[in-house]
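1. Following is a predicted model, sequence given first.
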Amino acid sequence: MFLFPPKATKIGKAFSLAKLVQFRVLEVPLSEEYNSQAAELIKELLDQPSSIFHPQRIAILLELYSSGALEYLQLRHDLNLTDGALAAHIKVLSSDGLLEQKKEPIGARIRTTVVLTKRGFDIISGFLDVVSGIRGLVNERI
């Protein structure tokens, strides 16, 4: 289940999440404590770099979160992305300091390895913690 409409803005995401939790999923009034916890989690979610709010970028970060580093070709294969799409997403994530590319000559070709940086590891860990917290709040209310 998606928590946000695909093209939502960051501010719209917070509003959408609050309304989704209150009216669509729970269909019950929320207590002040619940609202406070949800607001804190939403704030933490919105503090994440905007570059990660894309399904393929989250997939790239999760793939690297579990492995640390992967060859470009393996990452492309695992995520079923084209060269151009993967390169564009890596460029965005690299510009935020979440990934690095290491190039190593192997005979006549160059092996490109995509590596999750410490900052990238911290960001995806924080993102997963927040999503897990939101899920826990929703599960408590159902």
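-> Received the coordinates, thanks.

2. Please look at residue 63 and residue 80 and confirm they touch.
-> No. The pair residue 63 and residue 80 fails to qualify as a contact (Cβ atoms under 8 Å) at a distance of 11.6 Å. For glycine as for every other residue, the C-beta is placed from the backbone atoms N, C-alpha and C.

3. Counting neighbours, go ahead and name the busier of the two.
-> residue 63 (16 against 10; other Cβ atoms under 10 Å).

4. In terms of secondary structure, what does the helix or strand containing the more buried one contact?
-> In this structure, residue 63 is located in helix 55-67 according to DSSP states H and E. In terms of contact count using 3 or more Cβ pairs under 8 Å, 6 or more residues apart in numbering; DSSP states H and E, helix 55-67 is assigned the packing partners helix 72-79, helix 83-95, strand 109-116, helix 118-141.

5. what comes into contact with the first one?
-> Pointing back at helix 72-79 there. Identification of contacts with helix 72-79 by Cβ atoms under 8 Å, 6 or more residues apart in numbering yields 56, 59-60, 63-64, 70, 82-83, 86, 101, 112-114.

6. which of the residues you listed lies closest to residue 45?
-> Proximity of these to residue 45 (Cβ to Cβ) peaks at residue 59, which lies at 17.7 Å.

7. Name the nearest residue to the closest one, sequence neighbours excluded.
-> residue 79 (5.4 Å; Cβ to Cβ, 6 or more residues apart in numbering).

8. how close does that neighbour get to residue 60?
-> Distance from residue 79 to residue 60, counting by Cβ to Cβ, to the nearest Å: 7 Å.

9. So these two - more neighbours on which side?
-> residue 60 (28 against 16).

10. ok, residue 92 touching residue 60?
-> No. Under the criterion of Cβ under 8 Å, residue 92 makes no contact with residue 60, lying 9.8 Å away.

11. Tell me which of the helices and strands packed on helix 55-67 lies nearest to residue 47.
-> Nearest of the helices and strands packed on helix 55-67 (Cβ to Cβ): helix 118-141, 8.3 Å.
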